[in-house]
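Visitor: need a 3D model of the following:
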Amino acid sequence: MKDYIVRGMAAGGQIRCFGITARHTVEEAKTRHGTSPVMTAALGRLLCGGVMMGAMMKGEKDLLTLQVQCEGPAGGLTVTSDAYGHVKGYAKNPVVHLPASPAGKLDVGRALKNGVLTVIKDIGLKEPYAGQVQMVSGEIAEDLAYYFAASEQTPSSVALGVLMNRDNTVAQAGGYIIQLLPETDEDIIVTLEKRLADVWPVTKFLSQGYTPEKILEDILNGFHPVFHDERLPVSFSCNCSQQRLKKALVSLGNRELEKIIRDGKPITMNCHFCNTNYTFSVRELEELRKKMDK
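Guide: Residues are numbered from 1 along each chain as shown. Sure, this is the predicted structure:
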């Protein structure tokens with residue numbers, strides 16, 4: 001199954017919902033960054049949540065960034081997405097090994113212990129909007145739900161999951177976000193809360209062959225969900241390039257670039273988001289400096 005997001009409404013427009021399957025995207029992130037199983041789960045959950053939140057934006061150039069800073073061994077996570085299903089991200093410490101949680105699961109909460117979640121939305125205003133909350137569990141889904149309630153006053157159910165194979169490949173990855181819109185009928189709220197309390201984990205749904213549409217239809221049974229006609233493809237996508245890194249070198253200024261050239265060695269610059277290295281020879285650096293002098 002290809003990675004994609006589905007978007008829809010239910011209960012006559014009183015509920016909006018998003019569902020995602022993203023195994024290939026999370027596998028690519030794992031391969032690029034060499035993450036250990038618990039960090040693949042942590043980064044994969046944030047990637048899934050971030051790209052669904054990106055799909056909530058409207059503008060062509062809108063960008064969403066999720067940042068986690070924590071005292072746990074993960075150190076932190078950063079994910080950036082747009083409104084078109086493109087997402088990228090990295091972990092500060094990609095290799096963390098922890099015992100399983102008491103429930104026998106990958107202990108993402110311990111890896112992200114005592115964390116703070118920051119949500120930054122660049123939607124073309126003079127300054128980006130930033131909201132910040134203390135993480136309630138470190139498991140990411142609960143923390144995003146708390147952010148929606150505390151910062152956007154939108155009651156939300158968020159479920160995210162990454163299931164790993166024994167060979168450290170990604171077996172399943174995905175999730176959903178279900179939100180109550182203003183003035184939702186009380187009986188709808190009560191019914192939905194009861195249903196969500198007894199729902200399968202996301203990875204069990206996916207392992208049983210459920211699509212994102214089928215997962216949402218199962219949860220929202222009786223609320224008549226209606227989905228957008230077009231699925232939104234999802235992919236790990238980074239816009240870094242040799243040219244962008246050249247601009248970064250220029251921003252260092254003439255004096256700093258001259259110091260690098262005097263060392264007489266090529267330099268390698270790394271993109272944190274996709275872990276791609278870009279090497280510049282001394283000759284290339286000299287040519288770049290000459291252009292700065294013009």
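
Visitor: quick one: average pLDDT of the biggest strand by length in the chain?
Guide: In the chain, assigned by DSSP state E, the strand with the most residues is strand 170-180. Taken as a whole, strand 170-180 has an average pLDDT of 98.

Visitor: list the buried residues of it.
Guide: For strand 170-180, the neighbour count (16 or more other C-beta atoms under 10 Å) marks 170, 172, 173, 174, 175, 176, 177, 178, 179, 180 as buried. Glycine gets a C-beta too; all of them are placed from N, C-alpha and C.

Visitor: can I get it in CSV? Just the C-alpha atoms.
Guide: Coordinates of each C-alpha in strand 170-180 appear next as CSV, following Å, rounded to 0.1, in the frame of the first residue of the first chain:
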residue,chain,number,x,y,z
VAL,A,170,9.1,-0.9,9.7
ALA,A,171,6.2,-3.2,9.5
GLN,A,172,3.4,-0.6,9.9
ALA,A,173,3.1,3.1,10.5
GLY,A,174,0.1,5.4,10.6
GLY,A,175,-2.5,7.1,12.6
TYR,A,176,-5.6,9.3,12.7
ILE,A,177,-6.8,12.6,14.1
ILE,A,178,-10.5,13.0,14.9
GLN,A,179,-11.7,16.5,15.9
LEU,A,180,-14.9,17.9,17.2
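
Visitor: following element in sequence after that strand, please.
Guide: Later in the chain than strand 170-180, the nearest helix or strand by DSSP states H and E is helix 186-196.

Visitor: where do the helices sit along this protein?
Guide: Along the chain, the stretches classed as helices by DSSP state H are 23-33, 37-54, 108-111, 141-151, 186-196, 202-207, 212-219, 242-251, 254-262, 282-293.

Visitor: helices or strands up against the third one?
Guide: If I follow you right, that is helix 108-111. Judged by 3 or more C-beta pairs under 8 Å, 6 or more residues apart in numbering; DSSP states H and E, the packing partners of helix 108-111 are helix 37-54.

Visitor: what pLDDT, on average, does the helix it packs on get?
Guide: 98.

Visitor: gap between that helix and the chain center?
Guide: 4 Å (C-alpha atoms, centre = their mean, to the nearest Å).

Visitor: I'm done for today, thanks for sticking with me.
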